[in-house]
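In: What would the 3D arrangement of this be:
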Amino acid sequence: MMRDRMTTEAHRQRVEGMFQILEWLVIVAGSFSRTLAAWESAFAGNPSDRG
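Out: This is a model prediction of the structure:
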């Protein structure tokens, strides 16, 4: 019984770690797309897109 609970705990920590990585990827992708949009508008000279 004891070993079963340990594997469940390890599995839960692994799942939490995967979700943290996913969350980090979403944050990075969001900031990257915002930066890319700002760069594109800056190069295009489109002040309406900025902000």
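In: now residue 24: how far from residue 6?
Out: Per C-beta to C-beta, to the nearest Å, residue 24 is found 27 Å from residue 6. The C-beta positions use only the backbone N, C-alpha and C, and glycine is treated the same way.
In: Ok, residue 17 next?
Out: From residue 17 over to residue 6 (counting by C-beta to C-beta), the distance is 17 Å.
In: Please report phi then psi for residue 10.
Out: phi -60, psi -40 (degrees, to the nearest 10).
In: if I pick residue 24, what's in contact with it?
Out: For residue 24, the contact set (C-beta atoms under 8 Å, 6 or more residues apart in numbering) is empty.
In: Pull up the gap between residue 12 and residue 34, please.
Out: 33 Å.
In: now residue 27
Out: For residue 27, the distance to residue 34 - C-beta to C-beta - is 11 Å.
In: Where does the prediction get shaky in this protein?
Out: Within the chain, the segments meeting pLDDT under 70 span 1-2, 46-51.
In: Which residue ranges of it form helices?
Out: With helices called from DSSP state H, the chain shows them at 2-44.
In: What's the separation between residue 11 and residue 4?
Out: 11 Å.
In: same deal with residue 31?
Out: Using C-beta to C-beta, we find residue 31 at a distance of 41 Å from residue 4.
In: Could you do residue 41 as well?
Out: From residue 41 to residue 4 the distance is 56 Å (C-beta to C-beta).
In: which one of those two has more residues nearby?
Out: The neighbour count for residue 41 versus residue 4, taken as other C-beta atoms under 10 Å, is higher for residue 41 (15 against 8).
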